[in-house]
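J.: Structure of the sequence below:
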Amino acid sequence: MRYYIPRRTRGPIYLPDEDGTVGSAGTSNRHLWPRILGYGFLSALIFSLIYILRTGAFDMHSDHPRPTVYKYSPSQCSEFANWTTTFDYTSLPLPYTSRTRLVLSSSRELFFVSEGILHDGSFDVVLDDQVEPGQFIVDFEASYRHPEVINNATVCVMHSSETAWGVGIFTPLQRPPYVHDLETAMAFDVRLRLPAVPLSIRNMTTDMPGFLHSLSDLRSVHFEHLEVRRTGAPILVEYVAGDRISMRTTNADIGGRFNVSTSLDLQTSGAPIRVSAALVNDGGEPTDLRLKTCDAGIGGVVSLVSTTQDNTGGTFGVIAHTSMFPLDLEFLGGPRHSSVYLDARASHSEVRSRVKLHDDFASVIRRPPRSRDVPASLACSMDAR
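T.: Numbers count the residues shown, from 1 in each chain. As a prediction, the model looks like this:
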């Protein structure tokens, strides 16, 4: 017996089984197993994603590879913080606040470090008339959600050598499983208070990822070397003077006023740089200014100063590199008989850049840059260590 099966049909097709009965196509067990396996795979995928998001096994917002060991060791601590805790329900979602104070007693070398993924915050440097000369006071304020969270943090004085004093903040390197970030997060406000007297600091370094850095008007302080590393947050400076200053971050602004006699190096990525810099030169080695970012603009006002006997001469170097956005540099003037090397490049920018030279520049030698010298990929691959 022959059956006619239409080629197009909207409903189910019934065919006789071997015993002559009629059943619905698709009721066989061979059609159920693919569905069961598909549902099982989808469920496993969903639970895996939930685990990753809850435990932080893969952090999409991290700018740096997650460390597996401490770069600095809590074993170097010489004095630990004693906290005073208060509770304020109006300060939700972080109603608990703990405060402490540590005192450093050396101006030759200062360092401030933080390790761990359960905290971020701000680091401020200010002058204070109440601080006695020869002392440096560091105030801490930690905010968090649950009272036991403060036990996850180690804050201490670190005394690595006779002339080097510092402060360390340590929290776990991994998030607890199945715990939301807010449950264990800590926000630190760190304030370094310097004496408001003429002061010279040989070396000061900060290595505090995720901390916004704010330096107030430190006009009475001179840094022989000042370095701000890998913050991943904005760096804001009212006024800082020194010999060598280096500040590096990622995806955050850098801005402020600087006075340097050897070098000023500012680097970021994906964010603008806005700077007012006075470059001071004594007629010896060049005084350098380096500004580098990508996918953002650069704006700078540069003053050139000579400290020779007759305030003439001097050698200066200015390098400003960016991509996709324009740069705007203005030179307010320079000493007579001085020389300046300028390398200003904005690759792949649709807006014309501007470099304004002062009338003091008697002659300018122009060399058109070649595009292959600074490709866009190089401008975006800066190391923010």
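J.: Would you agree residue 75 falls within a strand?
T.: No. Residue 75 sits outside any strand when classified using DSSP: H, G, I helix; E, B strand; the rest coil, being helix.
J.: What about it, how many residues nearby?
T.: Residues near residue 75, counting by other CB atoms under 10 Å, number 7. No exception for glycine: its C-beta is placed from N, CA and C like everyone else's.
J.: how close does it sit to residue 103?
T.: Remark: distance between residue 75 and residue 103 (CB to CB, to the nearest Å) = 21 Å.
J.: Let's verify the residue nearest to the spatial centre of the chain: helix, strand, or coil?
T.: In the chain, the residue lying closest to the centroid (CA atoms, centre = their mean) is residue 232, at 1.3 Å. Using three-state DSSP, the structure places residue 232 in coil.
J.: Is it in contact with residue 252, as I believe?
T.: Yes. The pair residue 232 and residue 252 qualifies as a contact (CB atoms under 8 Å) at a distance of 6.6 Å.
J.: which SSE is residue 45 in?
T.: Here residue 45, judged by DSSP states H and E, is contained in helix 32-55.
J.: After that helix, heading C-terminal, what element do we hit next?
T.: Downstream of helix 32-55 (by DSSP H and E), the next one is strand 77-80.
J.: same for that next one, what does it pack against?
T.: With contacts taken as 3 or more CB pairs under 8 Å, 6 or more residues apart in numbering; DSSP states H and E, strand 77-80 sits against strand 154-158.
J.: at 10 Å instead, please
T.: If contacts are counted by 3 or more CB pairs under 10 Å, 6 or more residues apart in numbering; DSSP states H and E, strand 77-80 sits against strand 96-104, strand 154-158, strand 164-170.
J.: now those in JSON lines, with mean neighbour count, distance to residue 223 and mean pLDDT?
T.: Shown next, in JSON lines, are the helices and strands packed on strand 77-80 (neighbours: other CB atoms under 10 Å; distance: least, CB to CB, whole Å; pLDDT from 0 to 100):
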{"stretch": "strand 96-104", "mean neighbour count": "17", "distance to residue 223": "16", "mean pLDDT": "95"}
{"stretch": "strand 154-158", "mean neighbour count": "20", "distance to residue 223": "20", "mean pLDDT": "93"}
{"stretch": "strand 164-170", "mean neighbour count": "22", "distance to residue 223": "15", "mean pLDDT": "91"}
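J.: Go through the ones you listed and name the closest to residue 131.
T.: Nearest to residue 131, of all the helices and strands packed on strand 77-80, is strand 96-104, at 9.5 Å by CB to CB.
J.: Show me where the stretch 251-385 of the chain dips below the pLDDT cut-off.
T.: 360-385 (pLDDT under 70).
J.: how does it look with 50?
T.: 369-385 (pLDDT under 50).
J.: and the nearest residue to residue 84 once chain neighbours are set aside, what does it touch?
T.: In this structure, residue 84 finds its nearest non-sequential neighbour in residue 99, 5.3 Å apart by CB to CB, 6 or more residues apart in numbering. Applying CB atoms under 10 Å, 6 or more residues apart in numbering to residue 99 gives the contacts 81, 83-86, 139-142, 189.
J.: Which one of these is nearest to residue 149?
T.: Taking the contacts of residue 99 together and measuring to residue 149 by CB to CB, the closest member is residue 142, at 8.7 Å.
J.: Just the element for the closest one, please.
T.: strand 136-144.
J.: Which strands or helices does that strand pack on?
T.: Counting by 3+ CB pairs under 10 Å, 6+ apart, strand 136-144 packs on strand 96-104, strand 109-115, strand 119-128, strand 154-158, strand 164-170, helix 181-184, strand 186-195.
J.: Nearest approach to residue 331 belongs to which of the ones you listed?
T.: Closest of these to residue 331 is strand 119-128, at 29.1 Å (criterion: CB to CB).
J.: how about the closest one: buried residues?
T.: Across strand 119-128, burial judged by 16 or more other CB atoms under 10 Å covers 119-127.
J.: just the CA coordinates of that strand, formatted as CSV?
T.: Once non-C-alpha atoms are left out, strand 119-128 reads as follows in CSV (Å, rounded to 0.1, in the frame of the first residue of the first chain):
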residue,chain,number,x,y,z
HIS,A,119,40.4,47.8,48.4
ASP,A,120,41.0,51.0,46.6
GLY,A,121,40.8,54.7,47.7
SER,A,122,42.6,58.0,47.6
PHE,A,123,46.1,59.2,48.6
ASP,A,124,46.5,62.9,49.5
VAL,A,125,49.7,64.8,50.2
VAL,A,126,49.2,68.1,52.1
LEU,A,127,51.2,70.6,54.2
ASP,A,128,50.2,71.0,57.9
